[in-house]
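**Q** Fold the following for me, if possible:
(one chain, ligands or ions: 1)
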Amino acid sequence: MGRKFFVGGNWKCNGTSEEVKKIVSTLNEGDVPSEDVVEVVVSPPFVFLTLVKSLLRPDFHVAAQNCWVKKGGAFTGEVSAEMLVNLGIPWVILGHSERRALLNESNEFVGDKVAYALSRGLKVIACVGETLEQRESGCTMDVVAAQTKAIAERVSDWTNVVLAYEPVWAIGTGKVASPAQAQEVHFELRKWLQANTSPEVAATTRIIYGGSVSGGNCKELATQPDVDGFLVGGASLKPEFIDIIKAATMKKNA
Ligand SMILES: O=C(CO)COP(=O)(O)O
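**A** Numbers count the residues shown, from 1 in each chain. Model (predicted):
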């Protein structure tokens, strides 16, 4: 089906310029599979985007962690999709659960952002995921389907979308979803795409997992048939990010 393994590193709101340079130099020295096997994208805070882009090895790419929902203008504190394009930043993460929860980004707002960013030529890592309460009350699929639906209603071409399943209860908690739990939701999401977009979109869209991914648990997660890569938080700031990128070879051999 040709879904190239995808590993994203979400640095969140971390780092000084010295720390950022150190992380980049570790990444640049890392021995990882070729671009044919794995697509690697790192996402520093806005203020470090150009620094990282200028220092980072050419086979790794850069993502912003957010962008504004429409054309720039009188929106103090926001960064527009046009600005990212202007700086040559190819990717943006949208709909991260931290923004949904802390900044009240609704499904519709995230859907609008995804559509606008794509329309400007950005590639999008769109995040979905349920809270612990939602999982425990048995509505995981309802939640992630509603989040995905708000995107699907606004987007017809999924070529430049990577869907990140990030259960909120697994983010930054050290409580990783089991490979079976991740596979179950990824399988259901793919089924949802099949029914609500097209069989082709379902077969080709990468669905990546995020939530306490580490050098220790990445291999087993990577062997799951519907896990097409990872969105890594904490571990993406450490040398073990290289090991997580290498999990791509598990997929090839799986
Ligand atoms: O939110 C995440 C990536 O976007 C996951 O964060 P952690 O890997 O730190 O749990």
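
**Q** Run through the neighbouring helices and strands of whichever strand or helix holds Val40.
**A** Assessed by DSSP states H and E, Val40 sits inside strand 38-43. The contact analysis (3 or more C-beta pairs under 8 Å, 6 or more residues apart in numbering; DSSP states H and E) places strand 38-43 against strand 5-10, strand 60-64, strand 91-94. Every residue, glycine included, has its C-beta placed from N, CA and C.

**Q** hmm, it touching the ligand?
**A** No - Strand 38-43 lies out of reach of the ligand by C-beta under 6 Å from any ligand atom, never closer than 8.2 Å.

**Q** Can you list the strands that that strand pairs with?
**A** On the basis of DSSP bridges, the sheet neighbours of strand 38-43 come out as strand 5-10 (parallel), strand 60-64 (parallel).

**Q** Point out the other helices and strands that the helix or strand following it packs with.
**A** With elements assigned by DSSP H and E, the helix or strand that comes after strand 38-43 is helix 49-55. Here helix 49-55 touches helix 17-29, strand 60-64, going by 3+ C-beta pairs under 8 Å, 6+ apart.

**Q** May I have helix 49-55 exported as CSV, CA atoms only?
**A** Output of helix 49-55 as CSV, limited to C-alpha atoms (Å, rounded to 0.1, in the frame of the first residue of the first chain):
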residue,chain,number,x,y,z
LEU,A,49,12.0,27.2,13.3
THR,A,50,14.5,29.1,11.1
LEU,A,51,17.4,28.1,13.3
VAL,A,52,16.5,24.5,13.2
LYS,A,53,15.8,24.6,9.5
SER,A,54,19.2,26.1,8.8
LEU,A,55,21.1,23.5,10.8
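
**Q** circling back to that earlier point, ranking the strands paired with strand 38-43 by burial, who's on top?
**A** Most buried of the strands paired with strand 38-43 by mean neighbour count (mean count of other C-beta atoms under 10 Å) is strand 5-10; its value is a mean of 24.

**Q** ok and that one relative to helix 17-29, angle-wise?
**A** Interaxial angle of strand 5-10 relative to helix 17-29 (axes from the mean of the first three to the mean of the last three C-alpha atoms, to 10 degrees): 170 degrees.

**Q** got the contact list for strand 5-10?
**A** Under the contact criterion C-beta atoms under 8 Å, 6 or more residues apart in numbering, strand 5-10 has outside partners 37-43, 63, 65, 91, 93, 96, 125, 162, 164, 206, 208, 210, 222, 228-233, 236-237, 241, 244-245, 247-248, 251.

**Q** Buried among the residues you listed? Make that a ChimeraX selection.
**A** Buried residues among the contacts of strand 5-10 (16 or more other C-beta atoms under 10 Å), as a ChimeraX selection:
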select :38,39,40,41,42,43,63,65,91,93,96,125,162,164,206,208,210,222,228,229,230,231,232,233,236,237,241,244,245,247,248,251
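
**Q** so what's the residue in the chain positioned nearest to the ligand closest to, chain neighbours aside?
**A** Of the chain, the residue with the smallest distance to the ligand, taken as C-beta to the nearest ligand atom, is Gly233 at 2.2 Å. Nearest non-adjacent residue to Gly233, counting by C-beta to C-beta, 6 or more residues apart in numbering: Asn10, 5.2 Å away.

**Q** Who is the one you found paired with across the strands?
**A** Under the criterion used (DSSP bridges), Asn10 bridges to Ser43.

**Q** okay if I get the helices and strands packed on helix 49-55 as a markdown table plus distance to Arg190 and mean pLDDT?
**A** Formatted as a markdown table, those follow (distance: least, C-beta to C-beta, whole Å; pLDDT from 0 to 100):
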| stretch | distance to Arg190 | mean pLDDT |
| --- | --- | --- |
| helix 17-29 | 30 | 98 |
| strand 60-64 | 23 | 98 |
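
**Q** Would you map the helices across this structure?
**A** Taking DSSP state H as the criterion, the chain carries its helices at 17-29, 49-55, 81-86, 97-102, 107-119, 132-136, 140-152, 179-196, 199-204, 218-222, 240-246, 248-253.
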